[in-house]
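Visitor: missing the sequence, but the structure's below:
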């Protein structure tokens, strides 16, 4: 099927060396992916969510044939990523390395034409396609300037344009709004929606949960190489079984958090680090009505409350519930 992805028990393990004393080294295994399985439906925007180091980039590098899996299988557009690597590459547009994948001494237009040649587009087709992309991304004024004169955000936009050069049915975008300012990120998301409206399937990796809520039909939450949960955004939020969460920032001990967990109306309370303070994320049957009880319990437990923020359930709350930590905390490098 055009634009579809199927993954079965996919795993990737790296062998690393660590020095032990002056003359000895020992080998260790780092499991980047552990038995991951899911499918991406044709025509959807599918989000891969998780913190930096969760295994997202390892997964998409396997899907785009840049890495071989240690175990398991994956098919892209009906082609096996190992046995049919060349057809897979021809049917995928990918943005994996951001601005690092560009040639800075060439102009923006020359970069796009060059990568079009790598996909065996004819000279006329690659020039026409480059013009279309530059117009789509509103980069006409930058087209004939050397990329080394671009800002970081402009380089990211061009890297995104490079992923479109072969007009593939499947786009794989790895943190495409990274380093973009707010207006530029909004413009890029609008282009992603437009491309999806034209029938393209999109795999979109991000650690920004709000971005995933705006764009994605379904999402998969990945951490430490494991697939923790997957589904429609609204269903994942509803799975926490509550109407509201309350974020309480301050100096909060683990014993104070335990006291909150003992309240009848509290379903879950997760304590995480928050830049010099701690944050308690409380899931309750009704956040607003239980707020007084939360404050009283924390005060009696010696907590120092600095800020209280009641809000509706977000994907960030789902992630905290699944992992016990925030997206700001990096997983060990993959």
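Guide: Great, that's in hand. Everything numeric here is computed off the predicted structure, so don't read it as measured data. Numbering: from 1, shown residues only.

Visitor: for this protein, what's the longest helix?
Guide: Taking DSSP state H as the criterion, the chain has its longest helix at helix 182-197.

Visitor: what's that helix packed up against?
Guide: Contacts defined by 3 or more C-beta pairs under 8 Å, 6 or more residues apart in numbering; DSSP states H and E place helix 182-197 against helix 152-162, strand 201-206, helix 209-215. For glycine as for every other residue, the C-beta is placed from the backbone atoms N, C-alpha and C.

Visitor: neighbouring contacts of the host helix or strand of residue 322?
Guide: Using DSSP states H and E, residue 322 falls within helix 315-323. By C-beta atoms under 8 Å, 6 or more residues apart in numbering, the list of residues contacting helix 315-323 from outside reads 49-50, 209-210, 212-213, 219, 221, 223, 228-229, 233, 236-237, 239-240, 245, 268, 270, 272, 281, 283, 326-327.

Visitor: again, only this time at 7 Å
Guide: Identification of contacts with helix 315-323 by C-beta atoms under 7 Å, 6 or more residues apart in numbering yields 49, 209, 212-213, 219, 221, 223, 228-229, 233, 236-237, 240, 245, 268, 270, 272, 281, 283, 326-327.

Visitor: pull up the gap between residue 246 and residue 135, please.
Guide: For residue 246, the distance to residue 135 equals 47 Å [C-beta to C-beta, to the nearest Å].

Visitor: nope, residue 262 is what I was after
Guide: For residue 262, the distance to residue 135 (C-beta to C-beta) stands at 60 Å.

Visitor: and if you look at residue 250?
Guide: Taken as C-beta to C-beta, the span from residue 250 to residue 135 is 51 Å.

Visitor: looking at these two, which one has more neighbours?
Guide: Legend: neighbour count by other C-beta atoms under 10 Å for residue 250 and residue 135, higher for residue 250 (17 against 11).

Visitor: and the more buried one, what is it in contact with?
Guide: Contacts for residue 250 (C-beta under 7 Å, 6+ apart) come out as 277, 278, 303, 304, 305, 306.

Visitor: need the strands for the chain, in chain order.
Guide: 5-20, 24-40, 45-49, 71-76, 79-80, 92-95, 170-174, 201-206, 218-223, 226-232, 244-251, 266-274, 277-284, 304-311 (DSSP state E).
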